[in-house]
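Undergrad: Need coordinates for the below:
(one chain, ligands or ions: 1)
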Amino acid sequence: MAQVSDKRLLRALRGEVLDRPPIWLMRQAGRYLPEYRETRAKAKGFLDLCYSPNLAAEVTHQPLRRFAFDAAILFADILLVPDALGQGVAFKEGEGPVLGAITDEAGLTALSLANVEAHLAPVFETVAKLSATLPNDVALIGFAGSPWTVATYMVGGRGSPDQRAARVWAYRDPDGFAKLIDLVTEATVLYLQQQIDAGAEVIQLFDSWAAQLPDHEFDCWVIAPTAKIVAGLNESHPDVPIIGFPRGAGAAGVRYAAETGVTAIGLDTGTPIAWARENLQNRLPVQGNLDPLTLVAGGTALEGEARRILTGFGNGPHIFNLGHGIVPETPPENVARLVDIVTSWKNS
Ligand code: CP3
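TA: Reported below is the predicted structural model:
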């Protein structure tokens, strides 16, 4: 039988209320660290960095050498799945991701599950390297994008403020759009199962564009595919906890928590603490939700907000994190200050 881990993140995910919460930060590896920029310059491009196990493992380790985080998150990207399905993804300097847009059912013929696992093999190698080299008390988080969020990039061909292209296809032709969602869902289950087999101890599903969907669309494109992924992973790997992050879901987060089967829910910056305590943390562990811009500002804003979150969520299971990823202009010394505040905290 698998041994129950006493790593702080895993204890919080089992629902334990701890003396202080575990801490890790979304995008804890990245451009705000000079050593990341240096390693990044050695790779041919961002995707090359993701597919080079030595370099990807190195950048995963970098924040842990500076800060006492309780977890490491695999260095990769949510858009590796469309790349593995055959869509072709490019990251252009200063522009973000660009994909050949697929806007109708006919476009799906370009995609196939056949090469997904072989294409993503370097990522599994990165996970295995990390699993062998991380400090004993640090948990290893694997991840993927949720199908809706990944599909918004596949259909739009790039990021967009309102995910217009995917929303229009989903309204115009829900059956065709469902085929795209099903394909991404299936690829994601395979991808995450192999991450776990290689050593990932926790999974996070990023649904960064879950805002703005009406009830029925939220049920079809956010809740249902997430529930399928959770069921698939629970079947093959019942002991691995799953954190769902439906950014911008608001009150629909209550249905998400009840119906997807996720172990814990990530809260974005705008989620009121008192509301989340009463509607979510009473049922499952919560993660979040410091505004990443307080990490840019530093000083009393950072300290005040960090303490407000520690106090607000201190009586239930809680994982300290941001409400969205670290931004590139963040001074690393502010991250050090935050980790200090959280790791020296004692719940009363
Ligand atoms: O440290 C970590 O959190 C792990 C690595 C990680 C990255 N992206 C690295 C990355 C993770 C978990 C992600 C998730 C991701 N990727 C999401 C979901 C979370 C979120 O931020 O909403 C999304 C939507 C993406 C897609 C993506 N990747 C975009 C839109 C961009 C361009 C915007 C940007 O920030 O540059 C990326 C690039 C990216 N992914 C970078 C990093 C470190 C910067 C690339 C570079 O070095 O040039």
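Undergrad: List the buried residues for stretch 268-286?
TA: Neighbour counts over stretch 268-286 (16 or more other CB atoms under 10 Å) mark 268-269, 271, 273, 276-277, 280-281, 284-286 as buried. (Glycine included, C-beta is placed from N, CA and C.)
Undergrad: what's the average pLDDT for that stretch?
TA: Across stretch 268-286, pLDDT averages out at 98.
Undergrad: and what of stretch 196-211?
TA: 98.
Undergrad: now check stretch 67-76, is it near the ligand?
TA: Yes. Counting by CB under 6 Å from any ligand atom, contacts between stretch 67-76 and the ligand involve 73, 75.
Undergrad: quick one, helices of the stretch 101-250 of the chain?
TA: Ranges of helices in the stretch 101-250 of the chain, per DSSP state H, counting those that start in this stretch, are 116-119, 121-133, 147-156, 164-172, 174-198, 215-217, 224-236.
Undergrad: Show residues contacting the last one.
TA: Helix 224-236 has contacts (CB atoms under 8 Å, 6 or more residues apart in numbering) with 144, 146-148, 181-182, 184-185, 188-189, 192-193, 196, 203, 205, 207, 240, 242, 244, 246, 256, 259-262.
Undergrad: Weed out the non-buried ones from those residues.
TA: 144, 146-148, 181, 184-185, 188-189, 192-193, 196, 203, 205, 207, 240, 242, 244, 246, 256, 260-262.
Undergrad: Could you look up the SS state of Ile319?
TA: Following DSSP: H, G, I helix; E, B strand; the rest coil, Ile319 is assigned to strand.
Undergrad: Bridged to it, which residues?
TA: On the basis of DSSP bridges, Ile319 takes part in beta bridges with Gln287.
Undergrad: Wait, it touches Thr263, no?
TA: No. Assessed by CB atoms under 8 Å, Ile319 is found out of contact with Thr263, at 10.7 Å.
Undergrad: Spit out the residues that contact those two alike.
TA: Jointly contacting Ile319 and Thr263 under the rule CB under 8 Å, 6+ apart are 13, 243, 285.
Undergrad: Identify, from these, the entry nearest to Leu47.
TA: In terms of CB to CB, no member of the shared contacts of Ile319 and Thr263 lies closer to Leu47 than Ile243, at 25.0 Å.
Undergrad: so how far is Val230 from that closest one?
TA: Distance, Ile243 to Val230, using CB to CB, to the nearest Å: 11 Å.
Undergrad: For the protein, which segments count as strands?
TA: 71-73, 89-92, 96-99, 139-145, 202-207, 242-246, 264-266, 286-290, 318-322 (DSSP state E).
Undergrad: between Ile243 and Val230, which one's more packed in?
TA: Using other CB atoms under 10 Å, the more surrounded residue of Ile243 and Val230 is Ile243, with 24 against 20.
Undergrad: pLDDT score for that one?
TA: At Ile243, pLDDT is 98.
Undergrad: try Ala2
TA: Reported pLDDT for Ala2: 58.
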